[in-house]
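Asks: Sequence first, predicted coordinates after that:
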Amino acid sequence: MTELPLIGEAVAVTANPRLAGARIGVVTFPGTLDDRDAARAVRLAGATPVELWHADTTLGDVDAVVIPGGFSYGDYLRAGAIARFAPLMSRIIDAANSDAKLPVLGICNGFQILTESHLLPGSMIKNDHLKFMCRDQVLRVENNSTAWTSDYAAGQEITVPLKNQDGQYIADEKVLDALEAEGRVVFRYVGFNPNGSRRDIAGISNAAGNVVGLMPHPEHAVEAGFGPETGLSGSAGNGGSDTDGLGFFTSVLNKIVGGAK
Amino acid sequence: MPRIVVDVMPKPEILDPQGKAIVGALPRLGFTAFSSVRQGKRFELTVDGEVTEEILAQARNAAETLLSNPVIEDVVNVEVVEA
């Protein structure tokens, strides 16, 4: 008996050999959950996903890296705390800080790993309401000049799924003021702050804009019919697309191939 | 075998949901004297042999780099406990 696949093959929205030449690494730690969705998002954007394993001691030939969500090491000690010391993370930290400024995107647990790595300031603690939360979340793109947001308009509102327990972004007032002043608040929650994050911050970047971390999941909003129910969540001003997350991946592709847009 | 005990507490200004849940449960059991609870972490690092100054320094370093996150937590105690 032939089993029908639940969802179809991932086919790039625009097949372009130049884009397919771009290699985007997706890191898997023990306990990572969303690596396959992230790889699928990379493929849908037109690039080639490259599986990376936490114990690898070299980064290989990749043009960008996605650190996906999940519960690396079971969130033991603190979310992201043990993953931060994995051999591959040292390579990623060096590459992100190098002159080449490797683009790095941390989603959810990936964001937590980036703060534990000190690539991004602040930290995440338990949601203020103490519960795990899963919902379609409206975000405002506050900075569209990072490696991962250039395909969005400044101020554009997008809807992507959010699902976490330790999602409350915190930092001291001095750090928050500096992030605001330097335009490093990349995403803000709109309409509803789902976890008590300071100043409604959903995602931030490093000073150079090559490293971006956020709690919501753009990789779950890349395929028509499988994204957020935008009619229900009321995504304002963006036409209610359920593929709002794809822009992260096309943004970094444009950067890698030098403005093929 | 001597152990080095490291105590880590959430910073005073950081929400401590575990402590909050516990302080809510205490009066239901008749423990009414406690107005606040903060829950921290205790690590026990076992050392094979004598705890030298160098080993103690390693423990302090580990406490600051891995066992705690200075953004949200304080290392409040590092001490040697003989078996």
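Replies: Structure's in. What do you need? Residues are numbered from 1 along each chain as shown, chains lettered A, B, ... in the order given.

Asks: For the residue in the stretch 51-200 of chain A positioned nearest to chain B, which residues count as its bridge partners?
Replies: Residue nearest to chain B within the stretch 51-200 of chain A (CB to the nearest CB): A:Ser123, separated by 4.0 Å. (Glycine included, C-beta is placed from N, CA and C.) For A:Ser123, the beta-bridge assignment (DSSP bridges) gives partners A:Ile170.

Asks: In this model B:Ile72 seems to touch it, though I could be wrong.
Replies: Yes: contact criterion CB atoms under 8 Å: A:Ser123 and B:Ile72 qualify, at 4.9 Å.

Asks: any idea which element residue 39 lies in?
Replies: Just going to use chain A. helix A:35-45 (DSSP states H and E).

Asks: Look at the residue of the stretch 51-200 of chain A closest to chain B and report its pLDDT.
Replies: The score at A:Ser123 is 96. That number is its pLDDT.

Asks: the strands in chain A, which residues?
Replies: A:23-28, A:48-53, A:64-67, A:104-107, A:123-125, A:133-141, A:157-164, A:168-170, A:185-189, A:201-205, A:211-214 (DSSP state E).

Asks: Spit out the contact partners of B:Val71.
Replies: A:Thr115, A:Pro121, A:Gly122, A:Ser123, A:Ile170, A:Ala171 (CB atoms under 8 Å, 6 or more residues apart in numbering or on different chains).

Asks: cutoff 10 Å now
Replies: By CB atoms under 10 Å, 6 or more residues apart in numbering or on different chains, the residues touching B:Val71 are A:115-116, A:118, A:121-125, A:170-172, A:175, B:11, B:14.

Asks: re the thing from before, list residues touching both of A:Ser123 and B:Ile72?
Replies: With CB under 10 Å, 6+ apart, A:Ser123 and B:Ile72 have common neighbours A:Arg78, A:Thr115, A:Ile170, A:Ala171, B:Ile14.

Asks: Who wins on neighbours among those?
Replies: A:Thr115 (27 neighbours; other CB atoms under 10 Å in any protein chain shown).

Asks: buried sites along stretch B:2-19?
Replies: Within stretch B:2-19, the residues scored as buried using 16 or more other CB atoms under 10 Å in any protein chain shown are B:3-4, B:6-11, B:14-17, B:19.

Asks: any bit of it sitting next to chain A?
Replies: Yes: residues of stretch B:2-19 are located near chain A by CB under 10 Å from any CB of the partner chain, namely B:Val8, B:Pro10, B:Lys11, B:Glu13, B:Ile14, B:Leu15, B:Asp16, B:Pro17, B:Gln18.

Asks: Equivalent analysis for stretch B:24-41, please.
Replies: Yes: using CB under 10 Å from any CB, stretch B:24-41 reaches chain A at B:Lys41.

Asks: first to last residue in that stretch, what's the distance?
Replies: Separation of the first and last residues of stretch B:24-41 by CA to CA, to the nearest Å is 20 Å.

Asks: Please flag which of the residues of stretch B:2-19 next to chain A sit within strands.
Replies: Per DSSP E, those map to strands at B:Val8, B:Pro10.

Asks: wait, which of the residues of stretch B:2-19 next to chain A is closest to A:Lys163?
Replies: Proximity to A:Lys163 was ranked across the residues of stretch B:2-19 next to chain A by CB to CB; first place goes to B:Pro17, at 18.2 Å.

Asks: check contacts around that closest one.
Replies: A:Ile125, A:Lys126, A:Asn127, A:Asp128, A:His129, A:Leu130, A:Lys131, A:Gln165, A:Gln168, B:Pro10, B:Gln39.

Asks: Where is pLDDT lowest across these?
Replies: Ranked by pLDDT, the contacts of B:Pro17 bottom out at A:Leu130, which has 85.

Asks: per-residue confidence at the residue nearest to that one when sequence neighbours are not counted?
Replies: Among residues not flanking A:Leu130 along the chain, B:Pro17 sits closest, at 4.8 Å (CB to CB, 6 or more residues apart in numbering or on different chains). Per-residue confidence (pLDDT) for B:Pro17: 84.
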